[in-house]
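> sequence-free structure coming up:
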């Protein structure tokens, strides 16, 4: 049965239901196509692991600990800061907040996908540079 035959034989309520189903299917297909098109490939970023408090205002006068690594870790725990990657003048939030701890204040290579709107890297790996 084709759509023309269905339209002659079906009630108006049935036709509305069919149209809604077709409309929903088209909308779902459009969303899937958009998300596939928007999928990004992994990139690599090289920089230093720090915390977002130091990255924002560089509170050197409030240094927390004897080393940069200790300062970063203390800021994370004591001040609710989050690990970030500082790459030149850019500061990127990191989706993974566990792996960066081992690399606090170290130069690293982060692999992941960047959300340019939020400047967040969805981390797939971190290794020493």
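Received it, and whenever you're ready, just let me know what you need. The shown structure was predicted, so the numbers you read here are calculated from the model rather than taken from an experiment.

> can you give me the strands for the chain?
43-51, 83-87, 90-94, 107-115, 120-128 (DSSP state E).

> Name the stretch among those strands that sits most buried.
strand 83-87 (a mean of 22; mean count of other C-beta atoms under 10 Å). Backbone N, C-alpha and C define where each C-beta goes, glycine included.

> Now do it: which elements does it pack against?
strand 43-51, helix 52-57, strand 90-94 (3 or more C-beta pairs under 8 Å, 6 or more residues apart in numbering; DSSP states H and E).

> Buried residues, the second one. List them.
Neighbour counts using 16 or more other C-beta atoms under 10 Å place 52, 53, 54, 55 of helix 52-57 among the buried residues.

> Residues contacting that helix, please?
59, 71, 72, 75, 79, 81, 82, 83, 84, 86, 91, 93 (C-beta atoms under 8 Å, 6 or more residues apart in numbering).

> before we move on, back to that, let's have the helices and strands packed on strand 83-87 in a markdown table, adding distance to residue 123 and mean pLDDT.
Listed next are the helices and strands packed on strand 83-87 as a markdown table, based on distance: least, C-beta to C-beta, whole Å; pLDDT from 0 to 100:
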| stretch | distance to residue 123 | mean pLDDT |
| --- | --- | --- |
| strand 43-51 | 10 | 97 |
| helix 52-57 | 15 | 80 |
| strand 90-94 | 5 | 97 |
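
> do you know which of those lies nearest residue 124?
strand 43-51 (10.0 Å; C-beta to C-beta).

> relative to strand 83-87, how tilted is the closest one?
Calculated by axes from the mean of the first three to the mean of the last three C-alpha atoms, to 10 degrees, strand 43-51 forms an angle of 120 degrees with strand 83-87.

> All good on my end, thank you.
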